[in-house]
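Colleague: Provided below are the primary sequence and the corresponding predicted coordinates.
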Amino acid sequence: MEFTENRFAHLLQPIRELTKNWEVDVASELNDYLEEVR
């Protein structure tokens, strides 16, 4: 399995970097939104 992971690492790295951009604390964002709406 390690060979396969290394083999495709260059393909998976950009995808992993993109997913980091989408890590959002939803609860915090919703609380901020509710405070603005009130």
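Modeller: Right, received. Where do you want to start? Numbering: from 1, shown residues only.

Colleague: pLDDT weak spots in this protein?
Modeller: Counting by pLDDT under 70, the chain shows low-confidence ranges at 1-5.

Colleague: can you show me the helices along it?
Modeller: Using DSSP state H, the helices of the chain run over residues 2-7, 9-21, 26-37.

Colleague: next, format these as a markdown table and append mean neighbour count.
Modeller: Every C-beta, even on glycine, is put in place using the N, C-alpha and C of the backbone. Formatted as a markdown table, those follow (neighbours: other C-beta atoms under 10 Å):
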| stretch | mean neighbour count |
| --- | --- |
| helix 2-7 | 8 |
| helix 9-21 | 9 |
| helix 26-37 | 9 |
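
Colleague: can you give me phi and psi for Phe8?
Modeller: phi -110, psi 10 (degrees, to the nearest 10).

Colleague: ok, now Trp22?
Modeller: phi -100, psi 10.

Colleague: and it, how close does it get to Glu35?
Modeller: Distance, Trp22 to Glu35, using C-beta to C-beta, to the nearest Å: 23 Å.

Colleague: with Leu18 instead?
Modeller: Per C-beta to C-beta, Leu18 is found 30 Å from Glu35.

Colleague: go on, Leu11?
Modeller: 42 Å.

Colleague: repeat that for Arg7.
Modeller: Taken as C-beta to C-beta, the span from Arg7 to Glu35 is 48 Å.

Colleague: before we move on, what about Gln13?
Modeller: Relative to Glu35, and taking C-beta to C-beta, Gln13 is found at 37 Å.

Colleague: same check on Lys20?
Modeller: 27 Å.

Colleague: before we move on, what about Pro14?
Modeller: 36 Å.

Colleague: same thing with Val24?
Modeller: 17 Å.

Colleague: and if you look at Ala27?
Modeller: 13 Å.

Colleague: same question, Asn21
Modeller: Distance from Asn21 to Glu35, by C-beta to C-beta: 25 Å.

Colleague: what do you get for Glu23?
Modeller: Glu23 is 22 Å from Glu35, by C-beta to C-beta.

Colleague: for His10, same thing?
Modeller: Separation of His10 from Glu35 (C-beta to C-beta): 43 Å.
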